[in-house]
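Enquirer: Here is a sequence together with a model predicted from it:
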Amino acid sequence: MLDAKYFREELQQTAERLKTRGYTLDVEAIAALESKRKTLQVRTEELQSERNSRSKAIGQAKAKGEDIQPLLDAVGDLGSQLETAKAELNTLQAELQQIIQGVPNLPDTSVPVGRDESENQEISRFGEPRQFDFEVKDHVDVAAALGNGLDFESGAKLTGARFVVMKGQIARLNRALTQFMLDLHTEQHGYSETAVPYIVNHDTLFGTGQLPKFGEDLFHVEGESQDKIALSLIPTAEVPLTNLARDEILDEQALPVKLTAHTPCFRSEAGSHGRDTRGLIRQHQFDKVELVQLVKPEDSMDALEALTAHAEKVLQLLELPYRKVQLCTGDMGFGACKTYDLEVWLPAQDAYREISSCSNMGDFQARRMQARFRRQGAKKPELLHTLNGSGLAVGRTLVAVLENYQQADGSVVVPAVLRPYMGGLDVIRG
RNA sequence: GGAGAGAUGGCAGAGUCCGGUUGAAUGCACCUGACUUGAAAUCAGGCGUGGGUUCAUACCCACCGGGGGUUCGAAUCCCUCUCUCUCCGCCA
């Protein structure tokens, strides 16, 4: 969420910056609502103030044993006036809230302006796509040749489309990847391993920005009744990890907070019907190792570079070719002010595909969830900056390993760094 | 699942029965100043969060787990939800 004060005072400028990410703000309508709000709020608070002083006077009179009836009569219809004003103000503020809660973050000034992903900028490449002297199979066929290690039929039977059952060495490889990533980030990159709930409440989802706008992307847990608290499955560990700071004021010395967690991620993929229907690329459930940092504002841009490098390190150690892309203004996510995507080379698709997205959210999420810190000796707490990135999406990493490490005889070489996690196994055979 | 107790500021802990000048006593922690060569101790003062009006100073509003209600007035009364603790039952 943007700062409400800044939003209304620099409305025109805000609108212009939002335009670069393809978001149009109805400046005139908002300005009109805003001026109404101002009048109404001042009026309402005046009424409240008057009610308070009259009530106080009644209390004092009563304490002195005076007759309070005249005072009670003098109150008149103040109560009903207040009630009307309050109701009107509430409606108006709800309207303004809804608008500002739906406004995406402002892109950092360093972000290239562009309409969509075609205008993203490649920053760097690592590794050379391997030359194959045989016909490359995609990961689905590679796994099939290894004894039905990716069983989509069973996934469909047990649950439905976009679910999979992993078996044997493939299942183990999935686990090995997860373990390897967690060990790397905790032992080499200074993150604290964290185990979090996979089901969260709606305050939590509001905090990171999934709600109220993107509820259709989530799986919701059916509540028992309307009053009971509504819960949803997490679409990423970013949600529980970042919300650990919700409604907290951290000590300056506690920063930066660096957290990592392995969780399954659940996404409804509403609006992706027909896309990536084959294989593991787009599942309703997949494993991911997430990186989250909570930092001081002046540190967040450096932290983004570092966090992205931590995710890159996974690909480098796995010796998977990838490229680093900076998203343009039009392609960034709702809460991000700057984002790098990492795209891994998939030989069967002859293309680079997203395997990690690392974003600096600035104070956007922190404001929504009142996640703050206090500088030493300072009176006022300040909003934190929050960052997150995949380090990495395990399912897609599995795809990349299967495709890039396949051999002519149908076997798959186990990347060297994973062998300790595979009981020393160096090749997976059918 | 059954029975009971509770939720107050960074922490501890009054106030809640009997509603009123209580944004909230007191202690600890913390900050500033005095004393001191320095520190400790002592003394004096300060010390919650969010929002609004304002160039500013300042003033005002809201908040005692969340939401709703009663009332001129609610931390205090009523309803409801959530969470925590104790006991019983069940269970990985």
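Expert: Yep, it's here.
Enquirer: use CA for all of it now, contacts and neighbours both
Expert: Fine.
Enquirer: Poorly predicted segments of the stretch 101-250 of chain A, please.
Expert: A:223-228 (pLDDT under 70).
Enquirer: Where do the strands of it begin and end?
Expert: Along the stretch 101-250 of chain A, counting by DSSP state E, counting those that start in this stretch, strands occupy A:121-126, A:150-151, A:165-166, A:192-193, A:199-201, A:220-221, A:231-233, A:248-251.
Enquirer: Show me what the last one is packed against.
Expert: In this case it means strand A:248-251. On a contact count with 3 or more C-alpha pairs under 8 Å, 6 or more residues apart in numbering; DSSP states H and E, strand A:248-251 meets strand A:371-374.
Enquirer: same thing with the longest one?
Expert: Of the remaining helices and strands, those touching strand A:121-126 by 3+ C-alpha pairs under 8 Å, 6+ apart are strand A:322-326.
Enquirer: Only the buried residues of the strand it packs on, if you could.
Expert: A:Tyr322, A:Arg323, A:Lys324, A:Val325, A:Gln326 (16 or more other C-alpha atoms under 10 Å).
Enquirer: What residues does chain A have near RNA strand B?
Expert: Selection of chain A residues close to RNA strand B by C-alpha under 7 Å from any atom of the strand yields A:4-5, A:38, A:41-42, A:45-46, A:48-60, A:62-63, A:72, A:75, A:79, A:227-229, A:377, A:379-382.
Enquirer: next helix or strand past the helix of greatest length in chain A?
Expert: Ranked by residue count under DSSP state H, the longest helix found in chain A is helix A:27-63. In the C-terminal direction, the helix or strand that comes right after helix A:27-63 (DSSP states H and E) is helix A:69-75.
Enquirer: per-residue confidence averaged over that next one?
Expert: On average, the pLDDT along helix A:69-75 is 83.
Enquirer: From the contact counts, what lies against that helix?
Expert: Taking 3+ C-alpha pairs under 8 Å, 6+ apart as the contact definition, the neighbouring helices and strands of helix A:69-75 are helix A:27-63.
Enquirer: who does the helix it packs on touch, helix- and strand-wise?
Expert: Contacts of helix A:27-63 with other secondary structure elements, assessed using 3+ C-alpha pairs under 8 Å, 6+ apart, are made with helix A:11-19, helix A:69-75, helix A:78-101.
Enquirer: let's see it at 7 Å
Expert: When contacts are defined as 3 or more C-alpha pairs under 7 Å, 6 or more residues apart in numbering; DSSP states H and E, helix A:27-63 packs onto helix A:78-101.
Enquirer: ok, so of the buried residues of strand A:322-326, who is nearest RNA strand B?
Expert: Using C-alpha to the nearest atom of the strand, A:Gln326 comes nearest to RNA strand B of the buried residues of strand A:322-326, at 31.7 Å.
Enquirer: so what's that closest one closest to, chain neighbours aside?
Expert: Counting by C-alpha to C-alpha, 6 or more residues apart in numbering, the nearest residue to A:Gln326 once its immediate chain neighbours are dropped is A:Tyr340, at 4.6 Å.
Enquirer: So what's the gap between the strand or helix carrying that neighbour and the chain middle?
Expert: Of the helices and strands defined by DSSP H and E, A:Tyr340 is found in strand A:338-346. Its chain's C-alpha centre and that of strand A:338-346 lie 16 Å apart, by C-alpha atoms, centre = their mean, to the nearest Å.
Enquirer: for stretch A:199-207, same thing?
Expert: Taking C-alpha atoms, centre = their mean, the mean C-alpha location of stretch A:199-207 is offset from the chain mean by 11 Å.
Enquirer: follow-up on the earlier one: what mean pLDDT does the strand holding A:Tyr340 get?
Expert: Strand A:338-346 carries an average pLDDT of 98.
Enquirer: Toward the C-terminus, what is the element adjacent to that strand?
Expert: Counting by DSSP H and E, what follows strand A:338-346 is strand A:351-360.
Enquirer: what distance separates the next helix or strand after that following strand from the centre of its chain?
Expert: Following the chain from strand A:351-360 toward its C-terminal end, the next helix or strand by DSSP H and E is helix A:364-369. Between the mean C-alpha location of helix A:364-369 and the chain-wide mean there is a distance of 11 Å, by C-alpha atoms, centre = their mean.
Enquirer: And stretch A:356-368, by the same measure?
Expert: Relative to its chain's centre, stretch A:356-368 lies at 7 Å (C-alpha atoms, centre = their mean).
Enquirer: again, but for stretch A:202-222
Expert: The gap between where stretch A:202-222 is centred and where its chain is centred comes out at 10 Å by C-alpha atoms, centre = their mean.
Enquirer: got it, and stretch A:136-149?
Expert: On the basis of C-alpha atoms, centre = their mean, stretch A:136-149 sits 32 Å off its chain's mean C-alpha point.
Enquirer: and that stretch, how far apart are its ends?
Expert: End-to-end span of stretch A:136-149 (C-alpha to C-alpha, to the nearest Å): 18 Å.
Enquirer: what's the domain layout of chain A?
Expert: A:4-101, A:117-132+A:171-428 (automatic domain parsing).
Enquirer: Okay, now the longest one: how far is its last residue from its first?
Expert: Put plainly, it is domain A:117-132+A:171-428. The separation between the terminal residues of domain A:117-132+A:171-428, taken as C-alpha to C-alpha, is 36 Å.
Enquirer: In the stretch 251-400 of chain A, which residue sits nearest RNA strand B?
Expert: A:Lys380 (4.7 Å).
Enquirer: For my notes, confirm that residue occurs in a helix.
Expert: No: when classified by DSSP: H, G, I helix; E, B strand; the rest coil, A:Lys380 is found to be coil rather than part of a helix.
Enquirer: that older thread, buried deepest among the strands of the stretch 101-250 of chain A, which one?
Expert: Between the strands of the stretch 101-250 of chain A, the one whose residues have the most neighbours on average, counting mean count of other C-alpha atoms under 10 Å, is strand A:150-151 (a mean of 21).
Enquirer: Now the residue of the stretch 251-400 of chain A closest to RNA strand B: closest residue in space, sequence neighbours ignored.
Expert: Sequence neighbours aside, A:Arg374 is the residue nearest to A:Lys380 in space, at 6.7 Å (criterion: C-alpha to C-alpha, 6+ apart).
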